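Q: Below are the sequence and a predicted model; questions follow.
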Amino acid sequence: MIQEILTYFKANPGWSLAITVFTTVLIWLYKEFKVLMEKDNNDKLALLQKQLDLYSSMEAAIAQVIHRPNDAFAVQNFYNKLGKSSSYFTNDIKKIVRDYYLRADTSILRTLMTFIQLECDKLHKEKSKLISSNTSSDVFETVFRLYKPFKPIVLVFVIVFVTIYFLLLSLNQNNILAVIILFIIFISLIISGSVIWGIISLAMEGDLGIYGKYRWSLTIFLIGSPFVMLLDLRLSILSLLIQIVLIVLLARSRKNQLVRL
């Protein structure tokens, strides 16, 4: 069988060249994405460690002020720590800190201590999860790590092939309206496909957040809106408009969620 394959490639050098180029590009992309992912994980770990260090020093500074409220050095040290750590605080912690700035009440510090301890626990869990995903000896997790760089590669190839397909279809059209409709169909399908890909990727990594019914409803309609084109391809304009509106609504709901936090 191997001999037959070699004979076929000798008789068809074009296919042999194409496969060689494809394999070379695939290996290069795999190595590049693997390096990028490793760098991203290391950056995340470094950031988590820095946040943990700052929160831990803040915790110690707060304890000093609680137990020695009249110690000017302890109070000054606490304010210095606040200045260094404030950019890493959550919105809830920032509100408590501002309340303390206004009232200078040491009882507020106990609440602040509780929130910082909760945030430290959360960061420790994230750090442990990140480390375990990179160093786990579990067979399935090891295989998952090996195949992880292929996810963006598959996405790139799918987008390239779909783009080429729609370009070829456009070249066969005789009027500009048909070309515009094809372009709109392409954009609408890319939006839906990207959202589906994002959800699947997050679910596989266990990072899919818990959203309310409103956001999930908007997301489902965003993904499903291209189905209106099954009735008539000219409805692709309506599909894209619906998707744009839904994206705006999702962005606003996300912004409102951040404001409430």
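A: Okay, I see it.
Q: quick one, phi psi at residue 116?
A: Per-residue torsions, residue 116: phi -70, psi -40 (degrees, to the nearest 10).
Q: how close does it get to residue 65?
A: For residue 116, the distance to residue 65 equals 13 Å [Cβ to Cβ, to the nearest Å]. (C-beta placed from N, C-alpha, C; glycine too.)
Q: which neighbours do those two share?
A: Common neighbours of residue 116 and residue 65 (criterion: Cβ atoms under 8 Å, 6 or more residues apart in numbering): none identified.
Q: For the closest residue to residue 111 other than its chain neighbours, give me the pLDDT.
A: Excluding the flanking residues, the one nearest residue 111 by Cβ to Cβ, 6 or more residues apart in numbering is residue 96, at 5.8 Å. pLDDT, residue 96: 86.
Q: got it, and residue 241?
A: At residue 241, the pLDDT value in this model is 90.
Q: quick one: it and residue 233, what's the gap?
A: In this view, residue 241 and residue 233 are 15 Å apart by Cβ to Cβ.
Q: same question, residue 124
A: Applying Cβ to Cβ, the value for residue 124 to residue 233 is 53 Å.
Q: Identify the residues contacting the helix or strand containing residue 246?
A: Element membership of residue 246 [criterion: DSSP states H and E] is helix 236-260. Outside of helix 236-260, the residues within contact range by Cβ under 8 Å, 6+ apart are 91, 181, 184-185, 187-188, 191-192, 214-215, 218-219, 221-222, 225-226, 228-229.
Q: One more pass at 10 Å, please.
A: Helix 236-260 has contacts (Cβ atoms under 10 Å, 6 or more residues apart in numbering) with 91, 180-189, 191-192, 195, 211-212, 214-215, 217-229, 231-233, 235.
Q: Emit the ChimeraX select command for whichever of those residues are buried.
A: Command for ChimeraX that selects the buried part of these, burial taken from 16 or more other Cβ atoms under 10 Å:
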select :181,182,184,185,186,187,188,189,191,192,195,215,218,219,222,223,225,226,229,235
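Q: Which of the contacts of helix 236-260 fall in helices?
A: 91, 180-189, 191-192, 195, 214-215, 217-224 (DSSP state H).
Q: which residues sit in contact with the residue lying closest to residue 26 once chain neighbours are set aside?
A: With Cβ to Cβ, 6+ apart as the criterion, residue 26 has its nearest non-adjacent residue at 6.8 Å, and that residue is residue 153. Residues counted as contacts of residue 153 (Cβ under 10 Å, 6+ apart) are 25-26, 28-30, 32-33.
Q: tell me which of these is nearest to residue 111?
A: Using Cβ to Cβ, residue 33 comes nearest to residue 111 of the contacts of residue 153, at 44.2 Å.
Q: Residue 149 is in contact with the closest one, correct?
A: Yes. Between residue 33 and residue 149 there is a contact at 4.1 Å, judged by Cβ atoms under 10 Å.
Q: chain center to the helix holding residue 246, what's the gap?
A: With Cα atoms, centre = their mean, to the nearest Å as the basis, helix 236-260 stands 18 Å off its chain's centre.
Q: What are the buried residues along that helix?
A: If you call a residue buried by 16+ other Cβ under 10 Å, then helix 236-260 has these buried ones: 236, 238-240, 242-243, 246, 249-250.
Q: Pipe those into CSV and attach distance to residue 45 per row.
A: Compiled in CSV, the buried residues of helix 236-260 are given as follows (distance: Cβ to Cβ, whole Å):
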residue, distance to residue 45
236, 44
238, 46
239, 42
240, 40
242, 41
243, 36
246, 35
249, 35
250, 30
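Q: Can you tell me how far residue 110 is from residue 29?
A: From residue 110 to residue 29 the distance is 53 Å (Cβ to Cβ).
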